[in-house]
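> coordinates only, sequence not included:
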């Protein structure tokens, strides 16, 4: 809690403490010292707003470690925008950027739009309510907060009908200064497509997810990117997932 509070402006820190003490009965709008403004909802609403915001704004997973000149970033593609916290981070870290973003979960998509409106930066983002893929089709999405995954068929009752978009026509012929990928296993479809190697990507930051092979799946992702001239720098690695930067 205290690490999160230290990222807030003084007024928001006091408001956040009052909100927690009052039982967190509804959403609260907070401002970070770094600039972003966003809405934080209580976990009772069936979301993971706090966990995702902690990873992005406290653990600073998208910190480029000074490797990228902030004013030079013009276009970012965000595959798996969730509730929009990564969008807010990028928009304030790179003040001249625009973002193409993709998020299939209907409530995450709606909350991402809400957070962009609260932050006042919606005009800099094209946000699509689709899953990022290598072919257009209809699929099901498990309804698991920030860990929803695509499924071929409706199995359990906790699945939602979503559209998958072929992202390559949307990204080709563009210079992507940063490509962010966090799509809960969908990264293999994107990376394995032959068209991926023709995208003009300067830097990639991604979360890999095990397909059952654990670290071997991480190594597959890294080898694919290294073969395209990227140098890998680890952010964190666990048995089932992890994150890394790819620079070139």
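Sure thing, it's come through. Keep in mind it's a predicted model, so treat the numbers as computed, not measured. Numbers count the residues shown, from 1 in each chain.
> select the longest strand from the chain.
strand 200-209 (DSSP state E).
> now do it: distance to the chain's middle.
11 Å (Cα atoms, centre = their mean, to the nearest Å).
> list the strands paired with it, with their directions.
Here strand 200-209 is paired, per DSSP bridges, with strand 175-181 (parallel), strand 241-247 (antiparallel).
> residues touching the last one, excluding its own?
Contacts of strand 241-247 with the rest of the structure, by Cβ atoms under 8 Å, 6 or more residues apart in numbering, involve 61, 64-65, 67, 203-210, 218, 221-222, 225, 230-237. For every residue, glycine as well, the C-beta is placed using N, CA and C.
> in contact with the residue nearest the centre of the chain, which residues?
Geometric centre of the chain, nearest residue: residue 81, 4.0 Å, by Cα atoms, centre = their mean. By Cβ under 8 Å, 6+ apart, the residues touching residue 81 are 87, 101, 102, 103, 108, 109, 112, 127.
> show me the strands in the protein, by range?
Ranges of strands within the chain are 28-31, 37-40, 75-79, 98-102, 125-128, 131-133, 137-142, 150-151, 159-166, 175-181, 200-209, 231-237, 241-247, based on DSSP E.
> out of these, flag the one nearest residue 194.
strand 159-166 (13.1 Å; Cβ to Cβ).
> please identify the buried residues of the closest one?
Judged by neighbour count (16 or more other Cβ atoms under 10 Å), strand 159-166 contains these buried residues: 159, 160, 162, 164, 165, 166.
> surely residue 26 touches residue 42?
Yes - distance between residue 26 and residue 42: 7.2 Å, which falls inside the contact criterion (Cβ atoms under 8 Å).
> give me the more crowded residue out of these two.
Shown here are residue 26 and residue 42; by other Cβ atoms under 10 Å, residue 42 has more neighbours (17 against 12).
> report pLDDT for the closest residue in space to that one that isn't next to it in sequence.
Nearest residue to residue 42, sequence neighbours excluded (Cβ to Cβ, 6 or more residues apart in numbering): residue 24, at 3.9 Å. Looking at residue 24, its pLDDT reads 88.
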